[in-house]
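take a look and give me a structure for this.
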Amino acid sequence: MGDDSNEIQIDGEVMRLRFLAFHPSAVYIFPEFYFTSCLPILSINKSEHLDSICYDTSETIREHHTSPDFMRISLVVALLAILFSDAFAQTEKSLQSKITSATVFNDRALVTRSAGGSFAVGKYNLRIAGLPLLLNDQSVRVLGKGMAHAKILEVRVEIAQLDSVSDVGVKELQNKLKQVQDEIRKNDDRRAVVSQQKDFLNRISIASSENISKDLRVQRPSVDDWQKVMSFLDASFSRLSSEQRDLDAKRDELRKKADQIQFELNNIGAPKQPREKQVVIGLDVAKEGKLDLEVSYLIQNASWQPMYDVRALTSEKKIELTYNAQVWQNTGEDWKDVMLTLSTAQPIIGGNQPTLATWFIDVFGGTKGAIQGFVRDIASGEPLGGANIVVEGKNVGATTDPNGLFVIQDLDPGDYSLRVSFIGYQSKTVRAQVAAYRTSRVDAVLDAVSVDMQGITVTGERPLVEKRATNAARVESQDAQIAVRGGRSGEVGYFMDGASARFETARVQSGTTSTAFEIVAKATVPSNNTKRKVTITVASLSGDFRYSSVPKLEPRAFFKTNVKNSTEFPFLDGSMSVFVDNSYVGNSHMPTVMPNEMFDAFLGVDDGIKVERKILNKLTETTGFFSKSKKTTYDVVIKVENLKKTAETITIQDNVPISRHEKIKVEIESPKPSELQPTADGFLVWNLELKPGEKKEVRLKFSVEYPTDMTVSALE
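Numbering: from 1, shown residues only. Just a heads-up that it's a prediction; the model follows:
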């Protein structure tokens, strides 16, 4: 019959069993049969150990036993069958999740939700519902931690059709809109009735006039009859006209109300149709216990921008800087009490002092040319400083200045393709045609795109707990963890017990091409594009206050301070509200400034310093007898007057042309080389100390000489 391992002994009686597996979730039991293929199982009772359960579908099923022993055996094996069916079954389980953090990029966000629970041994299909349709399916990532031993079998995203819209805010607005639309229909119905009543009165009036004409031939109507008819028509028309005006006014009011509700609905990113996305996680738990899951995904329609409040305290020679950020989103889900991380985007706001460019002169009609232009944001029109422009096929290019200006020189005549790129924007190729010794104007506009999240991130954090503080830190480790798609085992969670400092600043993470700020305080950002302000840090910086001017471009004195970024935070390009001694003076912009780097913070224009530039004389003469030359002499004066009651320092910038041809000669007559030397780019800088009410002037005199048969470009 077979070996003893195929037998079960109960009360001294040996019975043989046969198992037929027709379905993974059902096991069929028959007595007294041989076993041909076996599966290891646990012992049935304490005294006997059954090594295996076996399958043999080739044997003929014998007659069923009806003895009590057989019934007992059947009951025992039925219990085993239940155990085996449980091993093959998958449990469906819905998990409630909550948004805990969001990392905001230029045009999207990385949202993290937390969920969890206790799990017995077995296989599960975990479902996290209520997710917006804008969710990027390919970006879903799952990280698990806990006491349970488990592995994730799969992660997938499904679209679920609901009976109604799940978002409570959307439901409320939709109900309000329906009520208003019902009132509009009732109003329209009443207006139609009033219009019909007025038409009916018109017909009565016409009919009455005809009847009165007939009555005049038979009998004279009395004055009282006339008055009754006129009073009736007048009262009725007045009442109906008044009601019609009220109905028209109410209709306009209801339509405005409906438009406002519809506008709010349009600005809520939640889907208006009853659909949502759901994340399904296949989980295999080998050891029961608690498991915490983090589900993260990318989603569109979120952004942020840096902004600054700069308060100049002139008496203390200090700058109080508040580093803020505006955050907004329209993703379809509200972020309530979440931890925010802001990744770099660099919108550059204009308003800084103009930048003086190198002044080149050369032979007109020669063999070289140049390209210059501006790079701007396509949406706002603001200049993009720091954008890269590369001439395709050549190892030349340029970078835009803070005003978005670029210049590429020494190009042979011909057609060129320029590749324009900027971090956080879609790169673009523009065409340019270069003529000999001419400067071609080519502008480019860029459209913002997502910030690349790839790359290595180096983290530098401000200590969360000062060494002298009494706060305590608790470290909790887990016995078992799981990680999927980038998660790491052995991660440790840190928790803070105590409170901290006077002001909580953000933590900064700096990478090669990006920076991120982890906001300490939790924030709430609704999904309606409402801008919320969060504070990154507040810093007190020392400044060297002075004035500067480029009168050739703008004859005004700019108040500025030279400041060192003594914080650990990089300052990103952004708008800056400027206050001087608690008085608001206007808006400027903050350039990108790294930690420990010096920068000029422009604090607006001060009319207390008067600047004026004049060309006193421009003389062109012909010299030489055989080889004739043309010589143009420029005589420029710059006048500065201090109208303030305090002594001030001002820096004046101007320039002279730089020749790129050997036959073009530039000679500086004033200032003398012993007084002031121009830079290699032809810039001259005067530093003037002015007492209260004092006036000073500087002279700039230079000449440009070239052959008379040569035409020189770019002369002033």
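
that's a helix at residue 252, yeah?
Yes: assessed by DSSP: H, G, I helix; E, B strand; the rest coil, residue 252 belongs to a helix.

distance-wise, check it relative to residue 245.
Separation of residue 252 from residue 245 (C-beta to C-beta, to the nearest Å): 11 Å. For the C-beta atoms, the positions are set from N, CA and C on the backbone; glycine is no exception.

can you pull the contacts of the most centrally placed residue in the chain?
Closest to where the C-alpha atoms of the chain average out (C-alpha atoms, centre = their mean) is residue 303, at 1.7 Å. Each residue near residue 303 by C-beta atoms under 8 Å, 6 or more residues apart in numbering is listed here: 104, 105, 106, 107, 327, 328, 329, 345.

save those residues as TSV, and put in neighbour count and distance to residue 563 too.
Putting the contacts of residue 303 into TSV (neighbours: other C-beta atoms under 10 Å; distance: C-beta to C-beta, whole Å) gives the following:
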residue	neighbour count	distance to residue 563
104	27	28
105	24	29
106	20	27
107	15	31
327	22	26
328	18	30
329	28	33
345	23	23
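
now stretch 606-621, how far from the centre of its chain.
46 Å (C-alpha atoms, centre = their mean, to the nearest Å).

which outside residues touch it?
Outside stretch 606-621, the residues touching it (C-beta under 8 Å, 6+ apart) are 547, 549, 551-552, 555-559, 630-644, 648, 650, 652, 654, 690.

which among the residues you listed end up buried?
Neighbour-count burial (16 or more other C-beta atoms under 10 Å) is assigned, among those, to 547, 549, 551-552, 555-559, 630-636, 638, 640-644, 648, 650, 652, 654, 690.

just the ones of the residues you listed in helices?
Among the buried ones among the contacts of stretch 606-621, no residue falls in helices (DSSP state H).

returning to that earlier point: which among the contacts of residue 303 gets closest to residue 526?
residue 329 (8.1 Å; C-beta to C-beta).

dump the residue contacts of that closest one.
Residue 329 neighbours (C-beta under 8 Å, 6+ apart): 102, 104, 109, 269, 301, 302, 303, 335, 525, 527, 529.

so which of those are in helices?
Among the contacts of residue 329, no member falls in helices (DSSP H).

mind listing the residues bridging to residue 125?
Beta-bridge pairing for residue 125 (DSSP bridges): residue 92, residue 282.

and for it, the neighbour number?
Look at residue 125: counted by other C-beta atoms under 10 Å, it has 16 neighbours.

likewise for the one 4 residues further on?
Counted with other C-beta under 10 Å, the neighbours of residue 129 add up to 17.

ditto for residue 174
By the measure other C-beta under 10 Å, the count of residues near residue 174 is 16.

and the pLDDT for residue 164?
Residue 164 is assigned 58 on the pLDDT scale.

next: residue 32.
According to the prediction, residue 32 has pLDDT 34.

before we move on, what about residue 692?
With respect to pLDDT, residue 692 scores 94.

who's in contact with it?
Applying C-beta under 8 Å, 6+ apart, the residues contacting residue 692 are 642, 644, 645, 646, 647.

the first one against residue 694, yeah?
Yes: using C-beta atoms under 8 Å as the test, residue 642 is close enough to residue 694 to be in contact (5.3 Å).

all helices of the stretch 101-250 of the chain, in order?
Assigned by DSSP state H, counting those that start in this stretch, the stretch 101-250 of the chain shows helices spanning 168-218, 223-266.

could I get those helices as CSV with distance to residue 415 and mean pLDDT?
Below are these laid out as CSV (distance: least, C-beta to C-beta, whole Å; pLDDT from 0 to 100):
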stretch, distance to residue 415, mean pLDDT
helix 168-218, 54, 76
helix 223-266, 45, 82
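
show me the contact partners of stretch 580-590.
306, 308, 310-315, 348-352, 402, 559, 571-579, 601-604.

what's the answer for stretch 669-679, then?
Counting by C-beta under 8 Å, 6+ apart, residues outside stretch 669-679 touching it are 633, 655-656, 668, 684-686, 698-703.

ok, and the most crowded of those?
Neighbour counts for those peak at residue 700, which has 25 neighbours (criterion: other C-beta under 10 Å).

for the closest residue to it other than its chain neighbours, name its beta-bridge partners.
Among residues not flanking residue 700 along the chain, residue 636 sits closest, at 4.3 Å (C-beta to C-beta, 6 or more residues apart in numbering). When bridges are called by DSSP bridges, residue 636 pairs up with residue 615, residue 700.

quick one: residues contacting residue 636.
Contacts of residue 636 by C-beta under 8 Å, 6+ apart are 613, 614, 615, 616, 654, 699, 700, 701.

okay, the fourth one and residue 555: tell me how far apart.
Computed with C-beta to C-beta, the distance linking residue 616 and residue 555 is 15 Å.

cool, the third one as well?
Residue 615 sits 13 Å away from residue 555, taking C-beta to C-beta as the criterion.

likewise for residue 635?
17 Å.

same deal with residue 407?
Taken as C-beta to C-beta, the span from residue 407 to residue 555 is 24 Å.

also residue 202?
Using C-beta to C-beta, one gets 74 Å for the distance from residue 202 to residue 555.

next one: residue 190
68 Å.

and residue 569, by the same measure?
Taking C-beta to C-beta, one finds residue 569 at 36 Å from residue 555.

and if you look at residue 157?
Applying C-beta to C-beta to residue 157 and residue 555 gives a distance of 62 Å.

residue 531 now?
37 Å.

same deal with residue 444?
On the measure of C-beta to C-beta, residue 444 and residue 555 end up 31 Å apart.

and for residue 521?
46 Å.

what of residue 440?
With C-beta to C-beta as the criterion, residue 440 and residue 555 are 30 Å apart.

please enumerate the strands of the stretch 551-700 of the chain.
Taking DSSP state E, counting those that start in this stretch as the test, the strands found in the stretch 551-700 of the chain are 554-564, 574-580, 583-590, 598-605, 609-623, 629-642, 648-655, 658-659, 665-670, 683-690, 695-707.

which one of those strands lies nearest to residue 432?
strand 658-659 (23.0 Å).

now the longest strand along the chain: buried residues?
Longest strand in the chain by number of residues (criterion: DSSP state E): strand 532-550. For strand 532-550, the buried set under the neighbour-count rule, 16+ other C-beta under 10 Å, comprises 532, 534-537, 539, 541, 543, 545-550.

where's the dip in pLDDT among these?
residue 543 (83).

give the bridge partners for the closest residue to it other than its chain neighbours, please.
Excluding the flanking residues, the one nearest residue 543 by C-beta to C-beta, 6+ apart is residue 561, at 3.5 Å. With DSSP bridges as the criterion, residue 561 is bridged to residue 545, residue 601.

roughly how far does residue 561 sit from residue 603?
7 Å.

higher neighbour count, those two?
residue 603 (25 against 22).

ok, now which ones touch the more buried one?
Contacts of residue 603 (C-beta under 8 Å, 6+ apart): 310, 312, 558, 559, 560, 561, 578, 580, 585, 588.

just to revisit the earlier point, now the common contact residues for residue 561 and residue 603.
residue 312.

now find how far off-centre stretch 572-592 is within its chain.
The answer for stretch 572-592 is 22 Å, by C-alpha atoms, centre = their mean.

pull out the buried positions in it.
Within stretch 572-592, the residues that qualify as buried are 572-580, 585, 588-592, counting by 16+ other C-beta under 10 Å.

right, and the helix or strand after the helix or strand where residue 429 lies?
Element membership for residue 429 (DSSP states H and E) is strand 428-434. As assigned by DSSP H and E, the chain's next helix or strand after strand 428-434 is strand 439-441.

what's the average pLDDT for that following strand?
In this model, strand 439-441 has a mean pLDDT of 85.

please apply the same query to stretch 399-407.
If you average the pLDDT over stretch 399-407, you get 87.

chain center to it: distance?
Counting by C-alpha atoms, centre = their mean, stretch 399-407 comes out at 25 Å from the chain centroid.
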